[in-house]
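*Asks:* generate a structure from the sequence data that follows.
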Amino acid sequence: MTVLAVGGVANIRDVGGMAAGSSRVRAGVLFRSGHLAQLTAEGGAILSGRVRHVVDLRDDIEVEREPSALTGVPTTRIPLFLGSVGSFFAQNMDLAAMYRHLIDESAPRLVDAVRVIAAGEPTLVHCTVGKDRTGVTVALALSAVGADRDAVVSDYALTASQLPPERNRAIVQYLRAHLPDATNAVELATASPAPVMAALLADIDARYGSIAAYLRQAGMSQAELDALSAALLD
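*Replies:* You can find the predicted model right below:
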């Protein structure tokens, strides 16, 4: 993976380079990040030169609060969570439960997001911080084409180190003040533990046979999965 410096955008990287059987994930095809609301003019020029499509996984409230500053690049909005983001904090879900919820309740929307990647244009996938919805979507796309499992998990785990420290401090302070009984809230907001993603992918394998089989059951055709491989792999 290649961490990028793009003004005003946190947690942005190109996931190209990881092994996938005898091939490799192509560089410059799949990017991931946090929101683009604070994108600078210089950062916008960088993204406009690299990205041809954006997938925004946020809900209406998040988009209204922090609208994207990127112009001139087509964006497909696919809100992944059924219900508000805040509901996961209120229910005191842990990361494993939240990801299981995504897999079980948002499968058709996850397929829609992966379909955009399969179209073959250089694509940026993002949510608010680029950790959970983005992490699951990118992990599914990479795993479906046979990317090395340890590399996929490492890409997910990298996020925690890419989140702005000042953002984490402010969120932790807020959560402790307003949700003192939500013992999982800080993890939900700031963590990306490798074992959580490894367990999620292993659970999908156990229940469906493979990540590709999960996507097929959720509505993705084999032709679309073949297109995904053609788009992502050298």
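*Asks:* would you map the strands across this protein?
*Replies:* Using DSSP state E, the strands of the chain run over residues 2-3, 13-14, 19-20, 23-24, 30-33, 53-56, 75-77, 123-126.
*Asks:* possible to save those as TSV with distance to Gln91?
*Replies:* C-beta: built from backbone N, CA, C; applies to glycine. Formatted as TSV, the strands of the chain follow (distance: least, C-beta to C-beta, whole Å):
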stretch	distance to Gln91
strand 2-3	33
strand 13-14	30
strand 19-20	36
strand 23-24	40
strand 30-33	26
strand 53-56	24
strand 75-77	25
strand 123-126	24
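*Asks:* with respect to Asp148, which of those lies nearest?
*Replies:* Asp148 lies closest, by C-beta to C-beta, to one member of those: strand 19-20, at 4.6 Å.
*Asks:* which parts of stretch 66-83 are buried?
*Replies:* Residues Ser68, Ala69, Leu70, Val73, Thr76, Ile78, Pro79, Leu80, Phe81 are the ones in stretch 66-83 that count as buried (16 or more other C-beta atoms under 10 Å).
*Asks:* nearest spatial neighbour of the last one, chain-adjacent residues omitted?
*Replies:* Spatially, and ignoring its direct neighbours in sequence, Phe81 is nearest to Asp59 (6.1 Å; C-beta to C-beta, 6 or more residues apart in numbering).
*Asks:* picking up where we left off before, among the strands of the chain, which is the most enclosed?
*Replies:* Most buried of these, by mean neighbour count (mean count of other C-beta atoms under 10 Å): strand 123-126, with a mean of 26.
*Asks:* relative to that strand, what are the paired strands and their orientations?
*Replies:* Neighbouring strands of strand 123-126 in its sheet, by DSSP bridges, are strand 30-33 (parallel), strand 53-56 (parallel).
*Asks:* out of those, nearest to Ser143?
*Replies:* Nearest of the strands paired with strand 123-126 to Ser143, taken as C-beta to C-beta: strand 30-33 at 12.6 Å.
*Asks:* which of the buried residues of stretch 66-83 fall within helices?
*Replies:* Among the buried residues of stretch 66-83, no member falls in helices (DSSP state H).
*Asks:* now render these as CSV, adding distance to His101 and pLDDT.
*Replies:* What follows is these, written out as CSV (distance: C-beta to C-beta, whole Å; pLDDT from 0 to 100):
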residue, distance to His101, pLDDT
Ser68, 25, 98
Ala69, 30, 98
Leu70, 29, 98
Val73, 30, 97
Thr76, 22, 98
Ile78, 16, 97
Pro79, 14, 95
Leu80, 10, 93
Phe81, 8, 81
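*Asks:* weakest of the strands of the chain by average pLDDT?
*Replies:* Least confidently modelled of the strands of the chain is strand 2-3, at a mean of 94 by mean pLDDT.
*Asks:* before we move on, back to that, closest to Val51 out of the buried residues of stretch 66-83?
*Replies:* Nearest to Val51, judged by C-beta to C-beta, of the buried residues of stretch 66-83 is Val73 at 5.7 Å.
*Asks:* can you check the pLDDT for Ala90?
*Replies:* pLDDT, Ala90: 69.
*Asks:* over to the one 10 residues further on?
*Replies:* We note a pLDDT of 95 for Arg100 in this prediction.
*Asks:* can you get me a residue count around it?
*Replies:* 16 (other C-beta atoms under 10 Å).
*Asks:* contact partners for the nearest residue to Asn168 once chain neighbours are set aside?
*Replies:* Leaving aside its chain neighbours, Asn168 sits nearest to Thr190 (4.9 Å; criterion: C-beta to C-beta, 6+ apart). By C-beta atoms under 8 Å, 6 or more residues apart in numbering, the contact set of Thr190 is Ala160, Leu163, Asn168, Ile171, Val172.
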